[in-house]
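Novice: I'd like to go over a predicted model; first the sequence, then the structure.
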Amino acid sequence: HFSFFIFHFSFFIFHFSFLKRKMLSMNLENKPQWVVHLWVLLKKNYLLCKRAKRSTAVQLFAPFFFIFFLWVIQKGVETHLSSTGFYSIEKNPSPTEVRDIPKCIVGPNHDSCYNFLYTFNSDPLVNETINNLVKAICEDNDPEIPLDSVRGFPSAADIDSWLYLDENTNMTQAALLFDNATVDHFTYVIQVNESRQFTHGQPVDRMEYIYLPFQYAVEKQLFRIISQNPDAELTIEYVEFAHPQVIVVNVVGENAGIFILAASIFNLIVALGQIVSEKECRIRQTMHQMGLQNWTYWLSWGITHSVVNTITCFVLIISGCIFQFDLFLKNNFFLYFFFLWEFSMTMVPITFIVSTLVRESKSVTTSGFLVFLTCFIAQICVASLFIADVMSHTLVVLCSFLSPALLSKGLWDLGRFTDEEDDKGLSWGERYDYERFQNDGETDPMTIGWCMNWYLLDWIIYLVITAYLDNVVPDSFGVRKPYFYFLKPAYWTGKSAPPDRELLPDRPEEYIPRPDTDEDVQEEERQIITDSNPRQMMSPDGEGLAVVIRKLRREFPNPEAKK
């Protein structure tokens, strides 16, 4: 998988370098005007990225660090759950030998503790056996238990009364009760302190650390007494049942969405800063006055940041393979590549939408944080409802307009089919396989294919919103179009609206003054028509005019505004 990804990434970089050389050396003669503009803008964007080396490096390598943080979280969760024995598959569990009695731990507000307590017996013969048994347990234990760290009581009731006192809380870990033992029937009871204790955040297993060691110690000494062989050995081992992976934690699928979103926000902030800076410095408006079309301008930035996001997507996938995430190793490469790539493409028009609303460069970081916060809330709220399968189909469709929610849902599915050791992941042909996308026995309509189709639709919708806001939000000169400009036929036909007033006629006899015109204006118009000889027209300094421009008219890109 890793070699396969490196091949595709190298192939992409090679073609990108080839296109870069072609862009810098392309001959633009006899090319359409929009091609020339687009090529110059792409070259300008490339130089901006090249000169801003720090921000470009952050864009390209931020995914690696976020995937590293995700790997740290996964390792922490695996370490936390590994001690339970249910996080992994156990087909042939290995036997574990019962350990010796552990040493007691002195609790708070105490100076000492007892390894265990025991009771005497009313029968002298049985009592002698109990004393020998306790002594043998202490001497044979590893480490050896001092005799002063055990204590005997006349009966079990006396032990209960002693344990009930506050000053004796957590003073011992167990007690051996021999009250009912007789010469013909030797019985004992193990009484254990059930107060919960934790080691490195994990609860202590009483069966493993207390019950079995005490039972093993008593049975071993009884076996030696019965066999009359003080060197006899008794070995007891225990083994758990074979079981599948009981505890399944989809760490990558549940948390990757927020980290991938955070990496995308870096690209959004950098791109937003570049676009807003041009608007703030009125560079875009200047180019627009020189004949640049709006769609050419947005296309240049769309191509630029689509290329950057594509490289970022490859870096993200390679990082996931380096850290051995099953989501990237078991699932089909083209499936999760196009899924992540389409999400990164939806972030491009989202950047454009935000850029139309931001007017100053100093607000770029704050705007980027607000976008991240909004997308994060969408992931937490909407994606959790997707996963819980508590949403109606109508609400599912409405929430599908939020691409971050689709990201969380898709990653959760990709992780869900790779979180167990026996899982093989999803293939490209299974992206619409609804039978595999079942949650609690019910078919899940939100397949990977569904999310990818909605990415395409969201991309188109975001571009339409960008075009609308770009026209109705005032630019740096305060110029904007009406809110319903797209409803006017002139916007679609491209035909100019009739001028507000007719041009002056060429002959004086055709001149008819308009009643709403001032007298001085009428006199000026009459003089322009009558004085056909430019040299007879006098300038303010009294000299004749060499050039007279008549019928001057400027046409703006907006077909409704002509002067």
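Specialist: Nice, I can see it. Note that this is a predicted model, so its numbers are computed, not measured. Numbers count the residues shown, from 1 in each chain.

Novice: alpha carbons only for contacts and neighbour counts from here, please
Specialist: Will do.

Novice: now N453: which helix or strand?
Specialist: helix 448-472 (DSSP states H and E).

Novice: just the residues contacting that helix, thanks.
Specialist: 338-339, 342-343, 345-346, 349-350, 352-353, 356-357, 400-403, 406-407, 410, 413, 431-432, 480-483 (C-alpha atoms under 8 Å, 6 or more residues apart in numbering).

Novice: and stretch 272-281, by the same measure?
Specialist: 284-285, 351-352, 354-355, 358-361, 364, 475-476.

Novice: avg pLDDT for that stretch?
Specialist: Stretch 272-281 shows a mean pLDDT of 88.

Novice: buried residues in that stretch, which are they?
Specialist: L272, G273, Q274, I275, V276, S277, K279, E280 (16 or more other C-alpha atoms under 10 Å).

Novice: just to revisit the earlier point, the contacts of helix 448-472, buried ones only, as a ChimeraX selection?
Specialist: To isolate the buried members of these in ChimeraX, using 16+ other C-alpha under 10 Å:
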select :339,342,343,345,346,349,350,352,353,356,357,400,401,402,403,406,407,410,413,431,481
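
Novice: out of the contacts of helix 448-472, which sit inside helices?
Specialist: Among the contacts of helix 448-472, the members falling in helices (DSSP state H) are 338-339, 342-343, 345-346, 349-350, 352-353, 356-357, 403, 406-407, 410, 413.

Novice: hang on, the earlier thing: of the buried residues of stretch 272-281, which belong to helices?
Specialist: Under the assignment DSSP H, these contribute L272, G273, Q274, I275, V276, S277, K279, E280 to helices.

Novice: widest-spaced pair of those?
Specialist: L272 and E280 (11.8 Å; C-alpha to C-alpha).

Novice: where does the stretch 201-350 of the chain dip in pLDDT?
Specialist: Scanning the stretch 201-350 of the chain for pLDDT under 70 picks out 201-203, 243-250.

Novice: just the ones in helices among the buried residues of stretch 272-281 now: which is nearest Y491?
Specialist: Closest to Y491, out of all of those and judged by C-alpha to C-alpha, is K279, at 23.9 Å.

Novice: what distance do you get for that closest one to L411?
Specialist: 36 Å (C-alpha to C-alpha, to the nearest Å).

Novice: likewise I465?
Specialist: 27 Å.

Novice: who's more crowded, these two?
Specialist: L411 (22 against 14; other C-alpha atoms under 10 Å).

Novice: figure out the helix or strand that the nearest residue to the more buried one once chain neighbours are set aside lives in.
Specialist: Spatial nearest neighbour of L411, excluding adjacent residues (C-alpha to C-alpha, 6 or more residues apart in numbering): G253 at 5.0 Å. Under the criterion of DSSP H and E, G253 resides in helix 251-280.

Novice: same thing with N131?
Specialist: Using DSSP H and E, the element containing N131 is helix 124-140.

Novice: flag every buried residue along that helix.
Specialist: V126, N127, T129, I130, N131, L133, V134, K135, A136, I137, C138.

Novice: relative to helix 448-472, how tilted is the helix or strand in which V307 is found?
Specialist: Assigned by DSSP H and E, V307 belongs to helix 294-322. Relative orientation of helix 294-322 and helix 448-472, computed by axes from the mean of the first three to the mean of the last three C-alpha atoms, to 10 degrees: 150 degrees.

Novice: measure how helix 294-322 sits relative to helix 251-280, angle-wise.
Specialist: 150 degrees.

Novice: buried residues in helix 294-322?
Specialist: Buried residues in helix 294-322, counting neighbours by 16+ other C-alpha under 10 Å, are found at 294, 296-298, 300-302, 304-306, 308-321.

Novice: stretch 151-163 too?
Specialist: G152, S155, A156, I159, L163.

Novice: apart from its neighbours in sequence, what residue is nearest the last one?
Specialist: Okay, so that is L163. L163 sits nearest to T169 (C-alpha to C-alpha, 6+ apart), 6.6 Å away.

Novice: export stretch 147-158 to CSV, keeping only CA atoms.
Specialist: Extracted C-alpha coordinates of stretch 147-158, given in CSV (Å, rounded to 0.1, in the frame of the first residue of the first chain):
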residue,chain,number,x,y,z
LEU,A,147,5.1,-13.4,61.1
ASP,A,148,4.4,-10.1,62.7
SER,A,149,2.5,-9.0,59.6
VAL,A,150,-0.2,-11.6,60.1
ARG,A,151,-2.7,-11.6,63.0
GLY,A,152,-4.9,-14.3,64.5
PHE,A,153,-8.4,-13.8,66.0
PRO,A,154,-10.6,-16.2,68.1
SER,A,155,-13.4,-16.2,65.6
ALA,A,156,-14.8,-14.6,62.4
ALA,A,157,-17.0,-12.4,64.4
ASP,A,158,-14.0,-10.9,66.1
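
Novice: just to revisit the earlier point, could I get the buried residues of stretch 272-281 in TSV, plus columns for distance to T187?
Specialist: Shown next, in TSV, are the buried residues of stretch 272-281 (distance: C-alpha to C-alpha, whole Å):
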residue	distance to T187
L272	80
G273	81
Q274	84
I275	85
V276	85
S277	87
K279	90
E280	90
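
Novice: so where's the stretch 401-550 of the chain shaky on pLDDT?
Specialist: 434-445, 494-511, 516, 529-550.

Novice: could you pull out the strands in it for me?
Specialist: Along the stretch 401-550 of the chain, counting by DSSP state E, counting those that start in this stretch, strands occupy 438-439, 442-443.

Novice: tell me the centre residue of this protein?
Specialist: I258 (2.0 Å; C-alpha atoms, centre = their mean).

Novice: verify the stated contact: it with F376.
Specialist: Yes - the criterion here is C-alpha atoms under 8 Å, and I258 meets it with F376 at 6.7 Å.

Novice: what about the strands in the stretch 51-200 of the chain?
Specialist: 96-97, 116-119, 150-153, 174-177, 189-192, 198-199.

Novice: right, so of the ones you listed, which gets closest to G107?
Specialist: strand 198-199 (13.3 Å).

Novice: just how off-centre is the helix or strand containing W39 within its chain?
Specialist: In the assignment (DSSP H and E), W39 maps to helix 33-51. Distance of helix 33-51 from the chain centroid (C-alpha atoms, centre = their mean, to the nearest Å) equals 32 Å.

Novice: list the buried residues of that helix.
Specialist: For helix 33-51, by 16+ other C-alpha under 10 Å, it's H37, L38, W39, V40, L41, L42, K43, N45, Y46, C49.

Novice: also stretch 180-200?
Specialist: Buried residues in stretch 180-200 (16+ other C-alpha under 10 Å): A181, Y188, I190, Q191, V192.

Novice: residues contacting the fourth one?
Specialist: Contacts of Q191 were listed using C-alpha under 8 Å, 6+ apart, and they are A174, A175, L176, L177.

Novice: let's see that with 7 Å instead.
Specialist: By C-alpha atoms under 7 Å, 6 or more residues apart in numbering, Q191 lies in contact with A174, A175, L176.

Novice: and which of those residues is nearest to T447?
Specialist: Lowest distance from T447 to those (C-alpha to C-alpha) belongs to A174, with 55.5 Å.

Novice: so the closest one makes contact with V192?
Specialist: Yes - A174 lies in contact with V192 (C-alpha atoms under 7 Å); the separation is 4.3 Å.

Novice: if we can go back for a sec, in a markdown table, list the strands of the stretch 51-200 of the chain along with distance to A490.
Specialist: Shown next, in a markdown table, are the strands of the stretch 51-200 of the chain (distance: least, C-alpha to C-alpha, whole Å):
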| stretch | distance to A490 |
| --- | --- |
| strand 96-97 | 85 |
| strand 116-119 | 96 |
| strand 150-153 | 100 |
| strand 174-177 | 92 |
| strand 189-192 | 89 |
| strand 198-199 | 76 |
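
Novice: thanks again, I'm all set now.
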